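Undergrad: Turn this into a structure:
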Amino acid sequence: MRVFGEQLQVFRNDSRDPQRGGHLTQQALAQSLQELLGLREWPRPQTISDWERGQKRLDPDTDRNVLVAILQVLARCGGLPHSHAANRWLTSGGYAPLFPQERTTVFPNGDARSQQTDGAWRARLEAPTYTRLFGVERSLAQLRALLERADAPWTIALEGLGGLGKTALAHELTSRLLESGVFADLAWISARPSSLSLGGTLVSAPHPVLSVEEAERSLAAQLLGAETASELLRPQDRRQMLQEHLSAAPHLLIIDNLESLADGEQLLPLLQRFAKPAKFLLTSRQRLPGPLYHYPVPALEEADALALLRHAAETSNLPHVAAATDDQLRPLFQIVGGNPLALHLAVGQLHLRELASLVADWQQAAGREIEALYTFIYRTAWERLEESCRFAFLAMPLAAEQGGRLAHLVAASGLAESEMVAALEQLVTLNLVNVQGSLNDRRFSIHSLTRSFLRRQVAEWWN
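TA: The predicted model follows:
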């Protein structure tokens, strides 16, 4: 509560007493709160002193009205600049940020400064690639709770197979965090080298960040200004300025597609040095090294996948697809599973193709668009695999959909147990294989799309 109390004192000293002039004293704040809360003898000036010294704590449930009243008085007296500052203060004490109605209560004439800040922040985000997300509310709630905490984890990695929506999830999460005002500032940098269009074409990104120095320069440009990011500034000086800036207040820093950086292992210690109180949100197709909070992004369940297909069909004027039954659409889900990119690509193809024809072609891995999808998702990872890992990977379709135990995979692959363990370690790191289960029952499985890829496409890539 030390930071909470110190910031309360700063707000109070920045506030003006509307009746007596001068800064708002502890006595004046106590009297204002008594009037606002309709109480006669509480809080006392000593109570304010106890709060500022971190000696007493307000209950987050029963005293929520007191917290809002404190903010009302401070805002009315000019010591509370905007809701972002209010939310940083609340979260530093372990309290929830302002709810929309509370924000209106504290700032009845509007919160223009926060709106200007929100606009500047949103301009740093890439344009969203979605109009609506499906099956993500649980993930958003879990991740938001982690990022709004004033303590660890400081670095969270969203990890998973290509096309699962890691970037979209990070974008939506960031947009919602903007509304909470927990962070003083944010930066978003992208290392994505290419993307897959809904027409099945690989598109190179215009300016991907490809080195540690470029990542630092991008962070500096967004947080400190273009001059600080100049190539004329020595990297060590830029790094020091960033470190000093980030240590002053909580920041949210997003690095998308981190595995594309030239030296991820070098960058991660650098990020850890910048963290605390800054929080980092990373996205990657592979499991990143270091003491990170690893968050595997799940594939969509069938109901959410079918809902996505219908929504994409409605927004692209395919009413016959939107009106299709679950039984009619299910074959597409059975081929590609809950991979949002593959589902969107399928809808794009249905402008010209019949559903039955598309399903038949994709079952045989035939057609330019499905080849482009496999190349986009799997090619780089496949090329990294050693031969023993490829044998282990090819054995994965023999495991049950809910996952197979190590002994079963050893028997199916013909590899020695030690070889299979080493192979699985690499396959899990590349997010080609999922691992789940209990402490004494670990099971290994693959996505439906991966199963289709292994059955149809991989032979063409094995030289």
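Undergrad: which residue is nearest the centroid of this structure?
TA: For the chain, the residue nearest the mean C-alpha position is Ala170 (3.1 Å; Cα atoms, centre = their mean).
Undergrad: so who does that one touch?
TA: Leu158, Ile254, Asp256, Leu281, Thr283 (Cβ atoms under 8 Å, 6 or more residues apart in numbering). Quick note: C-beta positions are derived from backbone N, CA and C, even for glycine.
Undergrad: want to try TSV for those, with distance to Gln328 and secondary structure as columns?
TA: Output for the contacts of Ala170, formatted as TSV (distance: Cβ to Cβ, whole Å; DSSP: H, G, I helix; E, B strand; the rest coil):
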residue	distance to Gln328	secondary structure
Leu158	33	strand
Ile254	39	strand
Asp256	35	strand
Leu281	38	strand
Thr283	34	strand
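Undergrad: Among those residues, which one has the most neighbours?
TA: Taking other Cβ atoms under 10 Å as the neighbour criterion, Thr283 ranks highest of the contacts of Ala170 with 29 neighbours.
Undergrad: Serialize the contacts of Ala170 to TSV and add fields for distance to Gln436.
TA: Below are the contacts of Ala170 laid out as TSV (distance: Cβ to Cβ, whole Å):
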residue	distance to Gln436
Leu158	17
Ile254	27
Asp256	26
Leu281	23
Thr283	21
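Undergrad: Contact partners for Trp51?
TA: By Cβ under 8 Å, 6+ apart, the contact set of Trp51 is Phe4, Gly5, Leu8, Leu58.
Undergrad: again, but for Ala342
TA: Gly163, Val336, Leu373, Leu449.
Undergrad: so which strand or helix has it?
TA: Element membership for Ala342 (DSSP states H and E) is helix 340-349.
Undergrad: distance between that helix and the chain's centre?
TA: Helix 340-349 sits 22 Å away from the centroid of its parent chain (Cα atoms, centre = their mean, to the nearest Å).
Undergrad: Which SSE is immediately downstream of it?
TA: Once helix 340-349 ends, the next helix or strand along the chain (criterion: DSSP H and E) is helix 355-363.
Undergrad: hmm, who's touching that following helix?
TA: With Cβ under 8 Å, 6+ apart, helix 355-363 has contacts from 321, 324, 328-329, 331-332, 335-336, 346, 349-350, 367, 370, 452, 456.
Undergrad: repeat that for 6 Å
TA: For helix 355-363, the external contacting residues (Cβ atoms under 6 Å, 6 or more residues apart in numbering) are Pro331, Ile335, Gln349, Gly367, Ile370.
Undergrad: dump the residue contacts of the first one.
TA: I take that to be Pro331. Val359.
Undergrad: Check the average confidence over the helix or strand it falls within, would you?
TA: Taking DSSP H and E as the criterion, Pro331 maps to helix 326-336. Helix 326-336 carries an average pLDDT of 93.
Undergrad: Run through the helices of the stretch 151-300 of the chain in chain order.
TA: 166-180, 212-223, 235-246, 264-274 (DSSP state H, counting those that start in this stretch).
Undergrad: Make CSV out of the contacts of Ala342 and add distance to Gly79 and neighbour count.
TA: Output for those, formatted as CSV (distance: Cβ to Cβ, whole Å; neighbours: other Cβ atoms under 10 Å):
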residue, distance to Gly79, neighbour count
Gly163, 49, 22
Val336, 55, 24
Leu373, 56, 27
Leu449, 55, 27
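Undergrad: Among those residues, pick out the one closest to Val68, please.
TA: Gly163 (43.5 Å; Cβ to Cβ).
Undergrad: With adjacent residues omitted, what lies nearest to the closest one?
TA: Among residues not flanking Gly163 along the chain, Leu341 sits closest, at 3.0 Å (Cβ to Cβ, 6 or more residues apart in numbering).
Undergrad: so where does Arg442 fall, helix or strand?
TA: Arg442 belongs to strand 441-445, assigned by DSSP H and E.
Undergrad: mind listing what Phe107 touches?
TA: Under the criterion of Cβ under 6 Å, 6+ apart, the neighbours of Phe107 are Ala75.
Undergrad: quick one, phi psi at it?
TA: Here is the backbone geometry of Phe107 (degrees, to the nearest 10): phi -120, psi 70.
Undergrad: check contacts around Thr315.
TA: In this structure, Thr315 makes contact with Thr131, judged by Cβ under 6 Å, 6+ apart.
Undergrad: Compute the distance between it and Leu308, please.
TA: 11 Å (Cβ to Cβ, to the nearest Å).
Undergrad: unless I'm mixing things up, the residue nearest to Gly163 is touching Leu164, no?
TA: No. Assessed by Cβ atoms under 6 Å, Leu341 is found out of contact with Leu164, at 7.6 Å.
Undergrad: that older thread, I'd like the helices of the stretch 151-300 of the chain laid out as a markdown table, including mean pLDDT and distance to Asn431.
TA: Formatted as a markdown table, the helices of the stretch 151-300 of the chain follow (pLDDT from 0 to 100; distance: least, Cβ to Cβ, whole Å):
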| stretch | mean pLDDT | distance to Asn431 |
| --- | --- | --- |
| helix 166-180 | 89 | 10 |
| helix 212-223 | 86 | 22 |
| helix 235-246 | 86 | 29 |
| helix 264-274 | 77 | 14 |
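Undergrad: Those helices: which one's closest to Leu140?
TA: Smallest distance to Leu140 across the helices of the stretch 151-300 of the chain (Cβ to Cβ): 5.8 Å, for helix 166-180.
Undergrad: how about the nearest residue to Tyr95, chain neighbours excluded?
TA: Nearest one to Tyr95, counting by Cβ to Cβ, 6+ apart, is Pro60 at 5.2 Å.
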